[in-house]
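Peer 1: For reference, the sequence and a predicted model appear below.
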Amino acid sequence: MGNKSDTVFYTGVTNDLLLRVSEHKEKVNEGFTKRYRVSKLLYYEAGETIEGAILREKQIKAGSRQKKIDLIISMNPGWNDLYDELTK
């Protein structure tokens, strides 16, 4: 996820993507995403198991900013909020 100006990125794991993104958009929980106004779903992956998803989250978090940008561009070259497409 990213903020409005695409300068801050957040990576997380959830078993309900639409619910979790809506919580970030509505600033329900205190923390990083609320503080830095992270509200755009820029990239996502679906995993088979929670263990695999957590490992992938750690890989992404450990990567450079450029690797994160490359992932976003691979799925979302226009840097659109993918949440809107998922809720149609």
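Peer 2: Done, it's in.

Peer 1: So which bits of the lengthiest helix in the chain are buried?
Peer 2: Using DSSP state H to define each element, the chain has its longest helix at helix 50-62. Burial within helix 50-62, assessed by neighbour count using 16 or more other Cβ atoms under 10 Å, is assigned to 53, 60. (Glycine included, C-beta is placed from N, CA and C.)

Peer 1: do stretch 10-28 as well
Peer 2: 10-12, 17, 20-21, 24-25.

Peer 1: who's in contact with the helix or strand just after the longest helix of the chain?
Peer 2: Per DSSP states H and E, the first helix or strand lying C-terminal to helix 50-62 is helix 65-75. Helix 65-75 has contacts (Cβ atoms under 8 Å, 6 or more residues apart in numbering) with 2, 9, 11, 42-44, 60, 79, 82.

Peer 1: which ones are touching Asp16?
Peer 2: Per Cβ under 8 Å, 6+ apart, neighbours of Asp16: none.

Peer 1: ok, of the buried residues of stretch 10-28, which one's closest to Arg56?
Peer 2: Using Cβ to Cβ, Thr11 comes nearest to Arg56 of the buried residues of stretch 10-28, at 9.3 Å.
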